[in-house]
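Novice: Show me the folded form of this:
(one chain, ligands or ions: 1)
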Amino acid sequence: MTAQKVDVLIVGAGPAGAAAARAAAAKGLQVLCVDRRAQIGVPVQCAEFVPMPLLRTVHETQSRVQDVSGMLTVLPSGLQHHSVFPGIMIDRGRFDHGLADLAQAAGAVVKTRTSFVDWDGQCARIKLASGELQDIEPQLLIAADGPHSPVAECIGLAHQPVVYTRQYTVSLCYDYADTDIFLSDAFPGGYGWLFPRGPVANLGLGADKRFEDNLKKPLEELHQQMVERGIVGSEVLGRTGGAIPVGGLRSMIHGRVLLCGDAAGLTHPITGAGIPAAVISGDAAGVAAADYLGGDSDALESYEEDMQDQFGPALCRAVQRRTSLEAVWRKPAAQEDQVMRSAWIAFDEYFAA
Ligand SMILES: Cc1cc2nc3c(=O)[nH]c(=O)nc-3n(C[C@H](O)[C@H](O)[C@H](O)COP(=O)(O)OP(=O)(O)OC[C@H]3O[C@@H](n4cnc5c(N)ncnc54)[C@H](O)[C@@H]3O)c2cc1C
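Specialist: Purely as a prediction, here's the structure:
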């Protein structure tokens, strides 16, 4: 089999992969980006909230659905805490699709129904939609293939710890401008959420399977409570879920392989927010690839240092907070407001030394 040579092969066309493809192609590289999905961004596995700094990308992808102004955190005792938390609810399918379109407009080739199969350090093997196998010989390989990263597995990295999520789309009974967060021992290792999205809301939860492996029951109970309070409708209009990496940042450069987005563990281990880090790291990986192939031998290390500087401290703190909570789940301390306050970003205690 003759290998096709490209400058950069990117595995995954989610936010990280599409951002990397766009940046590298815009710098003149020959870029092939593959995704095993039949359609970019489908199915949506997301609560669809992004913070304000991502506004430009939201505009570019025409994916804005509604603005969010605050966060209402509900503590185990039922006490509520309101904080300012501006952001945007997006149409995640449109967001991902739009980013892939931008990558193609910059000159990247994006192939769907195409799976990464193997990497021998020189060549990547991919499986095309036809079922045929093809070898690709890239100068650099970018792993943007999500929390379970098959590329990371191929290069011998350990699996990342993940939190599992389950989410319903339900109708909203009235206009809503806050994200609601529910902290409770019913969602050990995670939390419950209600994110408004125009006439509907994403109602979901995450939990650590070591403490709770049945996510259906607590989600149905949360849904029932919201119905009884007259906030959402009883019909479930959509169901989704997925894994969120919670182990924090891992080593991002392995020879000619660069990791970004969820594959690099950039998702916030407490909030589960990963779209901004995916876009930022993907973009930076694409630029670093171009700089490196253009002769800057330090470009890959600089990429990793830059990501460490931008995300390292916040991720470290979040991992510490997760670790301290692990000692209390399913114990009486998990019912204490003070304990939960120390592990949620809306409270000063979270940021205490
Ligand atoms: C239920 C849920 C709710 C979330 N809500 C939010 C939120 O509201 N806000 C937020 O900021 N973050 C949220 N996140 C996290 C966010 O979705 C991720 O951090 C983000 O998608 C990471 O982008 P990525 O490009 O790194 O990975 P992904 O979006 O996972 O993209 C990886 C891509 O790689 C492809 N792929 C995987 N394996 C292969 C292979 N072998 N060959 C080819 N392609 C492959 C996949 O098909 C996929 O398209 C949520 C996550 C979940 C699960």
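
Novice: Every contact and neighbour count from this point should use C-alpha atoms.
Specialist: Will do.

Novice: Can you give me the distance of the residue nearest the centre of the chain to Asp7?
Specialist: Geometric centre of the chain, nearest residue: Gly274, 3.4 Å, by CA atoms, centre = their mean. Using CA to CA, to the nearest Å, we find Gly274 at a distance of 27 Å from Asp7.

Novice: go on, Ile270?
Specialist: For Ile270, the distance to Asp7 equals 36 Å [CA to CA].

Novice: Please apply the same query to Ala299.
Specialist: Taking CA to CA as the measure, Ala299 falls 15 Å from Asp7.

Novice: since we're on Pro332, how many residues are nearby?
Specialist: Counted with other CA atoms under 10 Å, residues neighbouring Pro332 total 9.

Novice: If I look at it, what pLDDT would I see?
Specialist: pLDDT, Pro332: 95.

Novice: Give me the distance between it and the ligand.
Specialist: Using CA to the nearest ligand atom, to the nearest Å, we find Pro332 at a distance of 28 Å from the ligand.

Novice: pLDDT at the closest residue to Pro199 other than its chain neighbours, what is it?
Specialist: Spatial nearest neighbour of Pro199, excluding adjacent residues (CA to CA, 6 or more residues apart in numbering): Leu172 at 5.5 Å. At Leu172, the predicted lDDT confidence score is 97.

Novice: Leu172 reaches Leu203, doesn't it?
Specialist: No - contact criterion CA atoms under 8 Å: Leu172 and Leu203 do not qualify, at 10.3 Å.

Novice: Which residue of the two possesses the greater neighbour count?
Specialist: Set side by side, Leu172 and Leu203 show more neighbours around Leu203, with 26 against 22, by other CA under 10 Å.

Novice: How about the residues of the stretch 51-200 of the chain by the ligand?
Specialist: With the criterion set to CA under 6 Å from any ligand atom, the stretch 51-200 of the chain comes near the ligand through 114-117, 144-146, 150, 165.

Novice: neighbour-wise, which of those residues leads?
Specialist: Neighbour max across those (other CA under 10 Å) = Ala144, 35 neighbours.

Novice: got the contact list for it?
Specialist: Applying CA atoms under 8 Å, 6 or more residues apart in numbering, we find Ala144 in contact with 10-14, 16-17, 259-263, 282.

Novice: in stretch 29-41, what's buried?
Specialist: 29-37, 40-41 (16 or more other CA atoms under 10 Å).

Novice: Output these as TSV; include the columns secondary structure.
Specialist: Formatted as TSV, these follow (DSSP: H, G, I helix; E, B strand; the rest coil):
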residue	secondary structure
Leu29	coil
Gln30	coil
Val31	strand
Leu32	strand
Cys33	strand
Val34	strand
Asp35	coil
Arg36	coil
Arg37	coil
Ile40	coil
Gly41	coil
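
Novice: The residues you listed: which ones sit near the ligand?
Specialist: 34-37.

Novice: Of the residues you listed, which pair is most distant in space?
Specialist: Val34 and Arg37 (9.0 Å; CA to CA).

Novice: so what sits against both of these two?
Specialist: In contact with both Val34 and Arg37: 112-114, using CA under 8 Å, 6+ apart.

Novice: Can you give me the neighbour number for Val6?
Specialist: 16.

Novice: Next, count neighbours for the residue lying closest to it once chain neighbours are set aside.
Specialist: Leaving aside its chain neighbours, Val6 sits nearest to Pro138 (4.8 Å; criterion: CA to CA, 6+ apart). Pro138: 24 surrounding residues under other CA under 10 Å.

Novice: can you check Pro313 too?
Specialist: Neighbours of Pro313 (other CA under 10 Å): 12.

Novice: same question, the one 3 residues further on
Specialist: Using other CA under 10 Å, Cys316 is surrounded by 16 other residues.

Novice: For it, give me its contacts.
Specialist: Contacts for Cys316 (CA under 8 Å, 6+ apart) come out as Gly248.

Novice: Adding pLDDT, write the shared contacts of Val34 and Arg37 out as a markdown table.
Specialist: Converted to a markdown table, the shared contacts of Val34 and Arg37 look like this (pLDDT from 0 to 100):
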| residue | pLDDT |
| --- | --- |
| Thr112 | 98 |
| Arg113 | 98 |
| Thr114 | 98 |
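
Novice: Go ahead and produce PDB holding the CA coordinates of stretch 74-85.
Specialist: Provided in PDB are the C-alpha atoms of stretch 74-85 (Å, rounded to 0.1, in the frame of the first residue of the first chain):
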ATOM      1  CA  VAL A  74     -28.300  24.900  44.600                       C
ATOM      2  CA  LEU A  75     -26.500  23.500  47.600                       C
ATOM      3  CA  PRO A  76     -27.400  20.200  49.300                       C
ATOM      4  CA  SER A  77     -29.500  22.000  52.000                       C
ATOM      5  CA  GLY A  78     -31.600  23.600  49.200                       C
ATOM      6  CA  LEU A  79     -29.900  27.000  49.800                       C
ATOM      7  CA  GLN A  80     -29.400  28.900  46.600                       C
ATOM      8  CA  HIS A  81     -26.500  31.100  45.500                       C
ATOM      9  CA  HIS A  82     -26.700  33.400  42.500                       C
ATOM     10  CA  SER A  83     -23.600  34.600  40.700                       C
ATOM     11  CA  VAL A  84     -22.900  36.600  37.600                       C
ATOM     12  CA  PHE A  85     -21.900  34.100  34.900                       C
END
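
Novice: Buried ones in that stretch, by neighbour count?
Specialist: Neighbour-count burial for stretch 74-85, counted by 16+ other CA under 10 Å, picks out 74-76, 85.
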